[in-house]
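Engineer: This is the structure alone, sequence omitted:
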């Protein structure tokens with residue numbers, strides 16, 4: 001019987017939309033509380049983080065991830081999870097308080113940037129972000145196009 005091919009890439013999903021809509025100021029690593037079928041769906045890479053964000057309960061006592069879509073596990077049956085639900089983030093108390101204060105005072109937001117496996121555990125990289133306006137988005141697109149042109153010219157020159 002042929003063995004199943006394993007995907008050893010630790011990256012589960014990345015939030016490319018976040019890099020387009022926000023300027024990332026600081027990054028944090030957090031654990032995430034998942035059910036068994038959610039972890040199996042993560043191994044199948046069926047995660048969408050496009051419109052997800054972090055919300056704080058109480059006065060910064062807990063952090064939860066909202067609007068992240070993890071597709072139901074195909075062999076889950078009765079024990080399957082709802083695809084969109086509030087998922088608790090596992091951070092140190094001082095990190096939660098720091099993020100809570102910064103989001104309340106300065107108009108910043110906390111957005112998940114990527115999700116990956118670290119030693120068998122699912123981790124989420126959070127970014128403390130400031131929203132970009134339309135002009136900033138155009139500027140970053142121009143910069144990206146200039147870099148691509150330079151790469152193309154260097155490649156053609158060789």
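Structural biologist: All right, it came through fine. Note that the coordinates shown come from a computational prediction; the quantities given were computed from them, not determined experimentally. Residues are numbered from 1 along each chain as shown.
Engineer: who touches the longest helix along the chain?
Structural biologist: Once the chain is assigned using DSSP state H, the helix that runs over the most residues is helix 134-157. Contacts of helix 134-157 with the rest of the structure, by Cβ atoms under 8 Å, 6 or more residues apart in numbering, involve 20, 21, 23, 132. The way it works is simple: take the backbone N, C-alpha and C, and place the C-beta from them, glycine included.
Engineer: ok, now with 10 Å
Structural biologist: 19, 20, 21, 22, 23, 130, 132, 133 (Cβ atoms under 10 Å, 6 or more residues apart in numbering).
Engineer: Filter those residues down to just the ones in strands.
Structural biologist: Judged by DSSP state E, strands contain the following of these: 22, 23, 130.
Engineer: Which residues are in contact with the closest residue to the second one other than its chain neighbours?
Structural biologist: The shortest distance from residue 23 to any residue that is not its chain neighbour, by Cβ to Cβ, 6 or more residues apart in numbering, is 5.0 Å, and that residue is residue 130. For residue 130, the contacting residues are 22, 23, 24, 25, 106, 107, 108, 109, 136, taking Cβ under 10 Å, 6+ apart as the criterion.
Engineer: again, only this time at 7 Å
Structural biologist: 22, 23, 25, 108 (Cβ atoms under 7 Å, 6 or more residues apart in numbering).
Engineer: same check, this time on residue 20
Structural biologist: Contacts of residue 20 (Cβ under 7 Å, 6+ apart): residue 137.
Engineer: Next one: it relative to residue 33, how far apart?
Structural biologist: 28 Å (Cβ to Cβ, to the nearest Å).
Engineer: same check, this time on residue 141
Structural biologist: Separation of residue 141 from residue 33 (Cβ to Cβ): 37 Å.
Engineer: One more: residue 119?
Structural biologist: Taken as Cβ to Cβ, the span from residue 119 to residue 33 is 17 Å.
Engineer: what about these two, which has more around it?
Structural biologist: Using other Cβ atoms under 10 Å, the more surrounded residue of residue 119 and residue 33 is residue 33, with 12 against 6.
Engineer: And for the more buried one, nearest residue in space, chain neighbours not counted?
Structural biologist: According to Cβ to Cβ, 6+ apart, the nearest residue to residue 33 is residue 88 (4.3 Å).
Engineer: Quick check: bridge partners of that neighbour?
Structural biologist: Using DSSP bridges, the bridge partners assigned to residue 88 are residue 64.
Engineer: Can you give me the neighbour number for it?
Structural biologist: Look at residue 88: counted by other Cβ under 10 Å, it has 15 neighbours.
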